[in-house]
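[1] Please work out how this folds:
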Amino acid sequence: MKRFAFLCLCALLLYLVLEPHTGGARTKRASLELIGEVRNLIHRNYVAEVDSLQLIDGAIDGVMAILPQGLNVYLSPDEKSDLSATHSPVSQPALNNRQQVQLLGDVLRRVRQHYVDKIAVDTLSRGAVWGMLATLDPHSNYLDSEEYERMAEQFSGEFEGIGIFYEVRQGNLLVISPILGSPSYGKLRAGDHIVEIEGVSTEGITSEEVMEKLRGQPGSHVRISVARPGVDQWLDIDIQRARIGVASVPYAFMLRPETGYVRIIRFGEKTGAELGAALDSLRQQGARRLLLDLRNNGGGLLSQAVAVADYFVDKGELIVYTEGRDPASRQEYRARHPSRDAPLSLVLLLDHGSASASEIVAGAVQDMDRGLIAGQTSFGKGMVQEQYRLNANGGLLLLTVARYYTPLGRLIQRPYTDDVRAYIREGMDDLDPNAIDSLRAEKQVFHTALGRKVYGGGGITPDVLLESEEYTDFMLQLHQTSALFDFAGRWVGQHAEWDGSFDDFLLHYHTPQAALDSLRLFLDELEVEVDDEVFATRHDYLANQLKAGTARILWGDEQRYRIIAEGDAQILQALELFPRADELTFLRRQRGGNN
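    Numbers count the residues shown, from 1 in each chain. Down below sits the predicted model:
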């Protein structure tokens, strides 16, 4: 019956919009079926019951919003009544399913016939889909086929090309960093300006054109010409393309004796395995403590959040569970692997940009007393999106079908309204450290097995709140103009390179005052306004940034980040918390944990 209703919906839309005997019906059919397919999936699978007329109104709003010219507004009968009635609004009769579809079809037909510009029907259908999803929650989403392919590549962590991070700045193609182990590593370096690809100038190139020209089949070659700061002649370089892996765990190193550091930037298909390899390496280097950095990690795959948490909790322990529309739909995810090693004393860093999978890991660690959570309250994205590949056009519907809960039953998702911009902004707002106690007082309190208080109500509230570094207008301007990056390339090109190893550089190199003086003049050349007093007060920050920039050019991005970490105020504060994390590990052992 549902299949029959879906087919009727598509057929009715086709009739109302295309009208009998009009040309191009076949090419437009998929776009119109898209609306019906998405609407059907929402009604069957969304986490909560949805009013069907609400979806139709949202679809019409989406169509109006996507039209480029003028103020295009749709008012539902109730909204129209509210605006015009001097007395109590007259309630409108409910529309059955067929009448709702006729309403949407009538709007689409009128837009196609009368709008000032010619609008492609697939554009209208995308607007309708986005409008329907906007009535649901901030995280249900629609991707067309090209966007879906890019997302799949992102989570797979692999692509085929030469292996660089790049930026197109004012029409110039700049190398930000070669990827470690890629064909470009050792041939290109940060600050290189790629001026030609296969003899064709790159001036005015777009990011899409860069991918078209530099990506290709593994084993194929591409010839590029590079202008390098400090080198008079262009460098002609031949690079053989390969399959490039982009790590989810790009940084893993010993930060202090017995203290390892791991940064996870996303949860892709191989994150769990990458973390396992990183932990093995750090243990071999003597790590007994771990600083796990999940700041600005917006999440990813649920399976990989579970795989990461599995390294820190006991076999069989609950990591996270989900609940959908049906109370019987609860699904639990538990640790599967026994630990082979003694537990690492753990401090886990969060910030407002930590969301979804990051919050699953942090929630399990906190609820199970496995580590100390430090930083800022996380974003609060606790909705589960199921992926539905759409038959109509090969796109992808990411539909919220359930909610995440921590092992103690804390709902990760924070409250939201239909104002998406306000929702995003509120999630990223800084908290007043002096007000943290009052903020916690407003949240539901849960207790761990060790009697520690943890807080519900959306997001993961840290055990220890750390102030984030305040970025002044001067610092923001430096990063927005890429002045530090550009100057580092010039400075290294004009001066002798470091003769020793990176470890020697890390311990013994100090940015010379001459470099800072030259930076000051360089900023004048760029017409970046700098107050002398502000410049002087940021001496240590600038010196660290220039040292890091020099390391990136000479050795690569991992070494740059190693130096950045030494100047990161939150990382340095987190290192001071390990005595408390050690005590937590000791208390758990006393209580009889397997680890």
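[2] Can you tell me what sits against stretch 225-238?
    Outside of stretch 225-238, the residues within contact range by CB atoms under 8 Å, 6 or more residues apart in numbering are 175, 187-189, 191-196, 199, 221-224, 489-490, 492-494. Where C-beta positions appear, they are placed from N, C-alpha and C, glycine not excepted.
[3] ok, Trp491 touching Leu546?
    Yes - contact criterion CB atoms under 8 Å: Trp491 and Leu546 qualify, at 7.2 Å.
[4] shared neighbours, those two?
    Ala515.
[5] Looking at the contacts of stretch 225-238, which are in strands?
    Secondary structure assignment by DSSP state E places 175, 193-196, 221-224 of the contacts of stretch 225-238 in strands.
[6] tell me the domain boundaries of the protein?
    Domain segmentation of the chain under automatic domain parsing yields 2-76+99-136, 158-245, 251-381+406-467, 473-567.
[7] how distant is the shortest one from the center of its chain?
    To tie it back to what came earlier, the one meant is domain 158-245. How far domain 158-245 lies from its chain's middle: 25 Å, per CA atoms, centre = their mean, to the nearest Å.
[8] Likewise for the first one?
    In this view, domain 2-76+99-136 has its centroid 30 Å away from the chain centroid, taken as CA atoms, centre = their mean.
[9] With the third one instead?
    A distance of 16 Å separates the centroid of the chain from that of domain 251-381+406-467, by CA atoms, centre = their mean.
[10] now the end-to-end length of that domain.
    Domain 251-381+406-467 has its terminal residues 23 Å apart, counting by CA to CA, to the nearest Å.
[11] Over to stretch 171-190?
    One end of stretch 171-190 sits 17 Å from the other (CA to CA).
[12] For that stretch, buried residues please.
    Buried positions in stretch 171-190, judged by neighbour count with 16 or more other CB atoms under 10 Å: 173-180, 182-185, 187-190.
[13] ok, now stretch 420-427?
    Buried residues in stretch 420-427 (16+ other CB under 10 Å): 423, 426-427.
[14] Does the closest residue to Gly353 other than its chain neighbours belong to a helix, a strand or coil?
    For Gly353, ignoring the flanking residues on the chain, the nearest one in space by CB to CB, 6 or more residues apart in numbering is Asn296 at 3.8 Å. Here Asn296 is recorded as coil under DSSP: H, G, I helix; E, B strand; the rest coil.
[15] who touches Asn296 in this structure?
    Asn296 makes contacts with 265, 351, 353-354, as judged by CB under 8 Å, 6+ apart.
[16] residue ranges of the strands in the stretch 401-550 of the chain, please?
    445-447, 453-455, 464-465 (DSSP state E, counting those that start in this stretch).
[17] want to throw those into a markdown table with distance to Met383, mean neighbour count and mean pLDDT?
    Output for these, formatted as a markdown table (distance: least, CB to CB, whole Å; neighbours: other CB atoms under 10 Å; pLDDT from 0 to 100):
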| stretch | distance to Met383 | mean neighbour count | mean pLDDT |
| --- | --- | --- | --- |
| strand 445-447 | 20 | 13 | 95 |
| strand 453-455 | 19 | 18 | 94 |
| strand 464-465 | 25 | 18 | 94 |
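[18] Let me have those strands in TSV, adding distance to Gln217 as columns.
    TSV is the format used below for the strands of the stretch 401-550 of the chain (distance: least, CB to CB, whole Å):
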stretch	distance to Gln217
strand 445-447	53
strand 453-455	51
strand 464-465	50
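[19] Which of these sits closest to Leu292?
    strand 464-465 (14.4 Å; CB to CB).
[20] By mean pLDDT, point me to the weakest helix or strand of the chain.
    Taking mean pLDDT, DSSP states H and E as the measure, the helix or strand of the chain with the lowest value is helix 2-18, at a mean of 50.
[21] helix or strand right after it?
    Once the chain leaves helix 2-18, the next helix or strand it forms, by DSSP states H and E, is helix 25-45.
[22] Check which helices and strands that following helix sits against.
    Under the contact definition 3 or more CB pairs under 8 Å, 6 or more residues apart in numbering; DSSP states H and E, helix 25-45 sits against helix 2-18, helix 52-66, helix 121-134, strand 383-389, strand 396-405.
[23] Go through the ones you listed and name the closest to Leu108.
    Per CB to CB, nearest to Leu108 of the helices and strands packed on helix 25-45: helix 2-18, 4.6 Å.
[24] ranges for the helices of the stretch 201-350 of the chain?
    Remark: helices assigned in the stretch 201-350 of the chain by DSSP state H, counting those that start in this stretch are 207-214, 271-284, 302-309.
[25] same deal with the stretch 451-595 of the chain?
    Here the stretch 451-595 of the chain has its helices, by DSSP H, counting those that start in this stretch, at 473-481, 483-494, 502-508, 513-525, 532-537, 539-554, 557-566, 569-575, 578-591.
[26] And the shortest one, what does it pack against?
    Packing partners of helix 532-537 (3+ CB pairs under 8 Å, 6+ apart): none among the helices and strands.
[27] quick one: contacts of that helix?
    By CB under 8 Å, 6+ apart, the residues outside helix 532-537 that reach it are 472, 474, 520, 542.
[28] which regions of the stretch 451-595 of the chain sit below the pLDDT cut-off?
    Low-confidence segments of the stretch 451-595 of the chain (pLDDT under 70): 480, 593-595.
[29] tell me the secondary structure for Tyr142?
    State at Tyr142, reduced to three classes by three-state DSSP: strand.
[30] Isn't it up against Leu399?
    No - counting by CB under 8 Å, Tyr142 stays clear of Leu399, with 9.2 Å between them.
[31] Looking only at neighbour counts, state which of the two leads.
    Remark: of Tyr142 and Leu399, Leu399 carries more neighbours, 25 against 20, as counted by other CB atoms under 10 Å.
[32] ok, what's across the strand from the more buried one?
    Taking DSSP bridges as the rule, Leu399 bridges to Glu386.
[33] Correct me if wrong: it contacts Leu41.
    Yes - if you go by CB under 8 Å, Leu399 and Leu41 touch, sitting 6.1 Å apart.
[34] residues shared between the contacts of the two?
    With CB under 8 Å, 6+ apart, Leu399 and Leu41 have common neighbours Tyr388.
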